[in-house]
Every structure is written in C-alpha cells, then in structure tokens.
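>>> Sequence and predicted structure below; questions after.
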Amino acid sequence: MSLINSSDEGSAKMDISKTDMIGCASPVLSQRALNRALLARQLLLERSDMPVLQAVQHLVGLQAQAPNPPYVALWTRLQNFRHEELSQLIMDRSIVRIALMRSTIHLVTAEDCLTLRPVLQSVQDRALKGTFGKKLAELDLDALAAAGRTLLEAQPLTFSELGKRLQAQWSQSDATALSQAVRCSLPLIQVPPRGIWGASGQAAHTTAEAWLGRPLGQGQDPEAMLLRYLAAFGPASVKDMQVWSGLTRLREVIERLRPSLLSFRDEQGNELFDLPDAPRPDPAAPAPPRFLSEFDNMLLSYDDRTRIMRDEDKHLVFTDNGIIRATLIVDGFVRGIWSITQKRKSAILTINLFETLSKVDHAEVAEEAERLFDFIAPDANTRDIVFTNQKK
C-alpha cells in the first residue's frame, strides 16, 4: 500500500472538561465532555460486541438514504461485522428500511418500525404539506391512501409506478404528488434487494403491515422515543431532540419527564437533559480515529453540532444538494472527509483533511484505513491512500 501525503505535521487539541458552575444548579459539560459521551453511546470509543440487531435497536436506527452507508456505520462500531449479517436481517424482515425521523429513510428493527412510525406521523404530514400541499389541496387523502394500500399490498411498486397507477383514478393530479401522499400517509417499507450489499435495484415499496404481518402500534406519545434518543445521543437539549426527530413542541414532553432526568448546561448556557445511568466518560478518554459513513446520524441529530464538528467545517460536509459526506473523526471530532474509488482490482481511498495531523494520528488513521479497505474493497490487489488538504 502506498501513502501519498500532502500534509504537514501538527495537531489541534481540545480543552479538558470544565467542572465549574455558571450561576445555576446544573453542572456544566464542556464540549469535550459532550463529545466523549456521544462517542461512548455511539459505540465509537471502542468497537462493541453487540449483535447487529441489538446495535441497530440501541442506535434507534441508521440513516439510510443510500443502500451502503448503514453497512459502513455498523462496521465502524462493531467488532468483526460482516456484510451478510445485515443483509440477512433485511432479507428475513428483522430489519427494514422506512421513512421515520425527519421523514427520511432509516434502517430500523421491525419492532421499532411498528412502534416509532405512529409517533412520527405528524412529521410525515408536515413534510407532505410543505412540498405538495397545493397540489393535493382538493383531494381526499384518505381515499388516496386506501387506493395506494390496495396497489402496494398486491405488489411492491416504485413511486414512479405507483404514481402512474394512481392517475387512473386521479387523472388530473401530479403523479409524484400522488405517490408522495401515499408515502406520507402509510408506513411504506423498501423491500429487498434494496439495501442489500452488492445488490442493485430501484426502491420498491409495500406497507409495513403486509411486509411484517403485524399491525402498527397504537401509541403516539414520544416519551419512550425521546428516552431512547438520550440513551444513544445524549446529553441533549430540547432543540436537539426536535432536530433529530422532526417533531415540534417537545418542551412539554420533557417537562413531564424532568423528574426522571438529570439536568446539565453546555458552555453556552443551554440546558441539556440526560438519563441518570447513561455513560459520561472522562473528557480525557482516548478516542481512536473512525471512518463515519455518508449521512451518519451523529452529524444529523443536534441543533448544535459542535460536540462533533466545528461550525466552520459544516459547508465541507453538508452539500447544497442534500448530501452529507462520509467523514473522518480524529480525537473524537470531524477532521476530514473521505471517499473510495474502485476500478477492477485497485482501490484508492482519498482523505481530504481539514487540518494537518500529528505523526501519531496520521499513523493511526492509516491503520484504520487498512481495515476499511478490508471491509469495502477486500479483493483489491492495489490499495492507495491519498491524503490531501481540503481548502476552505
């Protein structure tokens, strides 16, 4: 393997956690303390031996707009993770792909699909109204959803196919608006081979009830879901919870939960909530370099992302067309983006750094890159790592 390095030596270190108070009853958690808490809960301080199904449940799902990122997300968090472990769970319907938080596609357990989807119905409604409200204003959405259910439970369809078939009854309506109305009204699963590593195919959909053979849960109270969020992402503010879920008006929910939660403040004075028994490691705990996948939930689950990424680097990770690039974290913080190019029996990993790395960090990143090659491009005879400096 060859290393092509255009960086100079150097490193940026974060301050150790503060333990002072800011004139209130809640202890202050430094940026670094929040970072280490997040890494511990996201299984990134050390790879976990959790089974795949348990890990997906613990993480409250994985962002999954594209088929492959969830595999990388699990590889970077779990010991000895193999592609076929997740593929098999999708094939046997233990794990599914469905629009949930923020009305975006997530990979979740079947149980979470059935319990979380009703809680997040208002998120789907708001997304539909914001994008297609005018085009659907005169339609009976209940009748449209019923027609969509009949079609999709008879045969999984792409949204293009669904929209065209719905136009047989609503001929004057936009096909995309019709299919998206069904998407937001019904719990729609993307069926395999979508989401299977190494497979291809358009996203075809059926209902969760038809795919799993069980009804949706009845509860719509978000309390249990927010406690799950804190276990995987906390400590967090109410705004953080709203950004992660897409729900609004969560302050009153948290006030109901307050007696069972701990209260902290960040260095800006914002109130943060957490579970009493959740891990909050020493801010000085070492954090190994990790390659995060595209759309990783760690970057999408906070109003204030500075516990994992500097504000000035956001434009390098979040693109104008909605892509969230794959990132490299060093000492717990985003320090670059990466991509792999494969051609025949060769693979090139390009790492665009936001700052120079120390010799030690550079060597550890190269070691982790070898493991990434083993996972993504195991058959490549030639492997090259290209380090570049990302211009801001």
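In hand now; what should we look at?
>>> count of residues packed around the residue lying closest to V317 once chain neighbours are set aside?
Nearest non-adjacent residue to V317, counting by C-beta to C-beta, 6 or more residues apart in numbering: R325, 5.2 Å away. For every residue, glycine as well, the C-beta is placed using N, CA and C. Residues lying near R325 (other C-beta atoms under 10 Å) number 20.
>>> need the contact list for R325.
E294, L316, V317, F318, T319, I337, S339 (C-beta atoms under 8 Å, 6 or more residues apart in numbering).
>>> Tabulate those in CSV, adding columns for secondary structure and distance to M241.
Below are the contacts of R325 laid out as CSV (DSSP: H, G, I helix; E, B strand; the rest coil; distance: C-beta to C-beta, whole Å):
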residue, secondary structure, distance to M241
E294, coil, 23
L316, helix, 26
V317, helix, 22
F318, strand, 20
T319, coil, 25
I337, strand, 27
S339, strand, 31
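>>> just the residues you listed: which has the poorest pLDDT?
pLDDT across the contacts of R325 is at its lowest for T319, which sits at 92.
>>> how much space between that residue and A64?
Look at T319 and A64: by C-beta to C-beta, to the nearest Å, they are 18 Å apart.
>>> So between those two, which is more surrounded?
A64 (27 against 10).
>>> Surely that one touches R97?
Yes - contact criterion C-beta atoms under 8 Å: A64 and R97 qualify, at 5.6 Å.
>>> Spit out the residues that contact those two alike.
Jointly contacting A64 and R97 under the rule C-beta under 8 Å, 6+ apart are I105, H106, L107, G195.
>>> Which of these ranks first by neighbour count?
The most crowded member of those, judged by other C-beta under 10 Å, is L107 (28 neighbours).
>>> can you confirm it is in a helix?
No - according to DSSP: H, G, I helix; E, B strand; the rest coil, L107 belongs to no helix; its state is strand.
>>> Could you report the pLDDT at it?
pLDDT for L107: 98.
>>> ok, now how distant is it from D296?
Relative to D296, and taking C-beta to C-beta, L107 is found at 12 Å.
>>> just A168 next, same as before
For A168, the distance to D296 equals 41 Å [C-beta to C-beta].
>>> Between those two, which is the more surrounded one?
Applying other C-beta under 10 Å to A168 and D296 shows that D296 carries more neighbours, namely 27 against 9.
>>> Let me see the ranges of the strands in the protein.
Secondary structure of the chain (DSSP state E): strands at 2-5, 62-63, 95-99, 105-109, 188-190, 205-207, 262-265, 271-274, 290-292, 327-330, 333-343, 346-353, 382-389.
>>> helices or strands up against the second one?
So the one you mean is strand 62-63. Secondary structure elements in contact with strand 62-63, counted by 3 or more C-beta pairs under 8 Å, 6 or more residues apart in numbering; DSSP states H and E, are helix 69-75, strand 105-109.
>>> Sounds good, over and out.
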